[in-house]
Each structure stands twice: as structure tokens, then as C-alpha cells.
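Engineer: Pasting a predicted model and its sequence here:
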Amino acid sequence: MFENLTDRLQHAFQKLRGHGTLTEANISEAMREIRAALLEADVNHAVVKSFVEEVRSECLGAEVVRGVSPGQQLVKIVHDKLVELMGESDAPLDFSKHPAVLMMVGLHGSGKTTSSAKLAARLKKEGRHPMLVAADVYRPAAIDQLESLGGKIDVPVYSDRNTTDVAKIARDAVAHAKSAGFRTVIIDTAGRLQIDDAMIMELARVRQMVAPSEILLVADAALGQEAVSVADSFHKALDVTGVLLTKLDGDARGGAALSIRRVTGVPIKFVGVGEGVDDLDAFHPDRMASRILGMGDVVSLVEKVSEEVDEEEAKRLAEKLRKNAFDFNDFLAQIQQMRNMGGMEAILKMLPGGAKLADLPEMDEKNVSRMEAIIRSMTKQEREKPDIIDFSRRKRIARGSGTSLEDVGKLVKQFSMMRKMMRKRGMLGRLASGLLGGGLGGMMGGAMGGLDGGMDMGMPPMGGGGFGGGSNYTPPKKKKKKHKKKRKRK
């Protein structure tokens, strides 16, 4: 979503390369670039104006730090101001009441029903024991949709098909939740194509009847500035306590995420990042600012890994890696683990500079599926001992997997290179390997090696060959020792 904004901002930072200090002249040039980048990202015009002025003022008053380039100073200032713009700190849900009632509101088509189920799945993992309430009695099949989603995540759904009194349904649902021992109630309300008096009055009656702990507005990030206007209108009518921004994984320009907090004063609490029921993330302004600036989000990656990776399994793989015993069975398990965490593209974007690699052919999901097919066509012995895969075995594996002999040869060669790199590579290879317990980490670490030179934001250069081009990797040449010739005694 923020790729274009990231590219534009990095272009602005690069313009300061070669300058010794921040001056009014080079700051003005960078500010013009930043202003254009934010407007192009559909950020609210008033927000852009105040943001640029704040950054300019901070830059002019910044003390020169020895050893820090002007570009790095500007990155730090822009990062801090982005965090401030989006809310400075996280905004957790209020669970002080028992049960905690979360009321989901928004326009028709914003994704309320799906988001309600995603939120329920997340809270269930946290031990909040949620119950869903089907309070959209107008949209055809809305109740059926919520019941279907509830069945998938094993969360009960309260509904009453005998009445259209939404306030009564909500009241009865909360009473049932109290008696049944549910800790959290999520009410999926009806939306409209636009904000009207009838919808607001109905939502106000529900609020009065159940006194919700939270009123969460579900807003479509793809609407850009329209999403900000919608948020402002709902907040004025209902005192919204938080925003759940959907479709953050789409091709929207990101203006809504950067504008909502400053315009409405309402914090973004969650963001939808995919179609699956698990694709809902808590919103962290500092992490989002780092992603926008191309600095990755390693903290979120660690959290995802801790959810998906078994600690004992990770230790076992790490031990195999140390003994150089990592095989294709382990690699296949890592591919599945990678898919559970959202796929290679999602993981790469959480690493510093990794977004640049996400569009490479080697990182495409089709390529990963091809590798999986090749491995599954190997015998048990071939998976455990990759070194025995000779030309005749490669031909058989290619026929069995529906791939070419070249594809099989490339994978075997890359796998061999990957094992070497996992033992020798630098910072990112070690980081990823440590996080993921072996194979996938090494694959990412090797791929990250393909980035030639770090960005001007304090990141170290990353040189070397990538996973997709193992043949580019050449081990460092050993320096020849110079021996002094002994002078012959006469």
C-alpha cells in the first residue's frame, strides 16, 4: 500500500547525499519532495501542510550530530513526526466492563462482517472468550455470512431472525453473554451506502441499550480522503472510540492511515492486511512509520514467528544447521511455515529493505510452489541426502514434478549455496536464520544479500549473491601470504 510513498520519500532523502549539513536550501528542496509524496499518497491537504512545516522547523533547529549524515538526520525527524501524526502510542481495547461490548459500525461494503469475525478470531487467541452478534437485519444473507464465519473460527453467533428491532437483539445478546459466561461481545451492525439519519438513530439506540466499551468504525482504506470524512462524520454522531482500517494490503495510496488520527482525533486500533480470518493486525504507529520509510518491521516479524514456530522445532533445526545436516525435508517444512506467516512477500516487507525484493521472480509464490513440487517428487533418501542427486535422478524428479531439468538443477544448486550461506552470512542472514530456525531464514538471508548497498538511513551495506541467483555468489579469495626471501650468506 505504501510502496509508492516509500519510494518517493527515499528519493527525497537521497537528494541530501553529498551535503555536509542540513541547510535552509537543501531542507527546502527535500520538503518539496516530501510534500509532493504525501499529496500523491492522498493525505489530507491540511495534514500535509502542518506535517511539512513541523518537519522543516525540526530540521532547522536540529543539532549537527557527528558521524550522522543529513539524510539520516532527516529520516529520524520524519520517522518521529510520522509516529506523532499517526498517534504516538498504541491504543488497546477497553476490557474493563464484563462482558466487554464492542460495537462495529461503518458504511455498507467497508467489511464490517468479515472484520467482526477477524476480531473475534484474534480475541479468541488472546483468551477473551468472544461471542458474535448478528445485528445486520437488512442486508440479505448478512446473518448467514456471520454464522458461516463464526463456524470457521469456532466462535458462537447470537441471532434472532424473528425481529428487526436491532436494539432488542443487542440487549438480549448481551444478557445471554452474561449468563453464558462470555467475556467479550462483538456486535455486527448494519451499514448504509451513505451516512443518513435513520442509520445514526438506530446505532444511537443500540449504544444507549448496551453501553458498549468500544465503538469501532470499520473504514475502507481504499477510499482515501473519503474514509477520513466518513470517520469524522461517524465520530461526531456516535463518539467513535477507534478505527479498524480494512484493505491495507491493497493498492490504495495510504492517505487514510496517515490522516485519520490528526483529522478526527480517533486512534486506529486495527488494520486488515488480507482476506484470511487471521489477517488482522494491531496498529502500531512506530512500526508503521518504519515500514513507510522502508526500514522494515522486525518486531512484528518476531511476533508472527513466535505464534507460528514451535520453540523446540526451531532449536532442532538450528542444531541441524550447525551440523550442516539441514535437508530438503526441513526446507519443505519451512515453506509451509512461511505460508502460515503470510508468504514470502509479507515476510520480506518486514525486513529492512526487503520490499525491494518482494517483486523479484524468485520470490513469487509460483516459484515457491514449483520448488515444493520438485521436493515432493524426490525420494526419501534424496530429501535426506541432497548430495546424491545426480543427473539421472534430476531427470526423474523433473518428470515427476512437471518441471524442467534446469529447474531441478537450479534448486539443488541453490539449496547447496543456501546451506553454505546460512553458516557464513552476515547480519540479516543471522537475524532471519535465528528467527525462523533455519531454512527459511537462510533463504531470506541469502536473498537479502542481493541488495547492493544500504539505504542512507544508517543501514549497513548488504553485498553478495541472492537466493535466486546462487551462481552470483563467490567466496572471498584468500590472501596469499608474502614470504620474504632469505638472503644467502656469502
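Structural biologist: Good, I have the coordinates.
Engineer: can you list the domain ranges for the protein.
Structural biologist: Domain ranges of the chain: 3-86, 100-293, 299-470, per automatic domain parsing.
Engineer: quick one: low-confidence parts of the stretch 351-490 of the chain?
Structural biologist: 351-364, 422-490 (pLDDT under 70).
Engineer: low pLDDT regions in the stretch 151-300 of the chain?
Structural biologist: 249-254, 294-300.
Engineer: could you show me where the strands are in it, in order?
Structural biologist: 157-158, 184-189, 214-220, 242-246, 268-272, 280-282 (DSSP state E, counting those that start in this stretch).
Engineer: Among those strands, single out whichever gets nearest to Asp80.
Structural biologist: strand 268-272 (18.0 Å; C-beta to C-beta). Every C-beta, even on glycine, is put in place using the N, C-alpha and C of the backbone.
Engineer: Alpha carbons only: can I get that closest one in PDB?
Structural biologist: Taking C-alpha atoms only, strand 268-272 is exported to PDB below (Å, rounded to 0.1, in the frame of the first residue of the first chain):
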ATOM      1  CA  ILE A 268      -6.500   3.500  14.500                       C
ATOM      2  CA  LYS A 269      -6.600   0.300  16.600                       C
ATOM      3  CA  PHE A 270      -6.500  -2.400  14.000                       C
ATOM      4  CA  VAL A 271      -5.700  -2.900  10.300                       C
ATOM      5  CA  GLY A 272      -6.900  -5.600   7.900                       C
END
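Engineer: Which residues are in contact with the residue nearest to Leu82 when sequence neighbours are not counted?
Structural biologist: Nearest non-adjacent residue to Leu82, counting by C-beta to C-beta, 6 or more residues apart in numbering: Ala289, 3.9 Å away. By C-beta atoms under 8 Å, 6 or more residues apart in numbering, the contact set of Ala289 is His79, Leu82, Val83, Met86.
Engineer: And what about Ala398, helix, strand or coil?
Structural biologist: helix (DSSP: H, G, I helix; E, B strand; the rest coil).
Engineer: That one reaches Leu405, doesn't it?
Structural biologist: Yes. Here Ala398 reaches Leu405: they are 4.8 Å apart, a contact under C-beta atoms under 8 Å.
Engineer: More neighbours: which of these two?
Structural biologist: Ala398 (18 against 13; other C-beta atoms under 10 Å).
Engineer: I'd like the distance between Arg261 and Val75.
Structural biologist: In this view, Arg261 and Val75 are 21 Å apart by C-beta to C-beta, to the nearest Å.
Engineer: Ser392: neighbour count?
Structural biologist: Neighbours of Ser392 using other C-beta under 10 Å come to 8.
Engineer: Quickly find the element holding it.
Structural biologist: Ser392 is part of helix 391-401 when elements are defined by DSSP states H and E.
Engineer: Go through that helix and flag the buried ones.
Structural biologist: By 16 or more other C-beta atoms under 10 Å, the buried positions in helix 391-401 come out as Arg393, Arg394, Ile397, Ala398, Ser401.
Engineer: Stretch 103-121 too?
Structural biologist: Here stretch 103-121 shows 103-107, 110-121 as buried, counting by 16+ other C-beta under 10 Å.
Engineer: So which of those residues belong to helices?
Structural biologist: The helices, defined by DSSP state H, take in Lys112, Thr113, Thr114, Ser115, Ser116, Ala117, Lys118, Leu119, Ala120, Ala121 from the buried residues of stretch 103-121.
Engineer: I'd guessed the last one sits against Val155; true?
Structural biologist: In other words, Ala121. Yes. With contact defined as C-beta under 8 Å, Ala121 reaches Val155; the gap is 7.1 Å.
Engineer: So which residues of the stretch 1-150 of the chain form helices?
Structural biologist: 3-14, 24-40, 45-60, 70-86, 112-125, 142-153 (DSSP state H, counting those that start in this stretch).
Engineer: Any idea how many residues pack against the closest residue to Ala36 other than its chain neighbours?
Structural biologist: Leaving aside its chain neighbours, Ala36 sits nearest to Arg8 (7.1 Å; criterion: C-beta to C-beta, 6+ apart). By other C-beta under 10 Å, 16 other residues sit near Arg8.
Engineer: Tell me the pLDDT of Arg8.
Structural biologist: If you check Arg8, the pLDDT there is 79.
Engineer: what's the answer for Ala346, then?
Structural biologist: pLDDT at Ala346 comes out at 66.
Engineer: export the ones in helices among the buried residues of stretch 103-121 to CSV and tack on pLDDT and distance to Leu93?
Structural biologist: Listed next are those as CSV, based on pLDDT from 0 to 100; distance: C-beta to C-beta, whole Å:
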residue, pLDDT, distance to Leu93
Lys112, 93, 17
Thr113, 95, 19
Thr114, 94, 18
Ser115, 95, 14
Ser116, 96, 14
Ala117, 96, 16
Lys118, 96, 14
Leu119, 96, 9
Ala120, 97, 12
Ala121, 95, 14
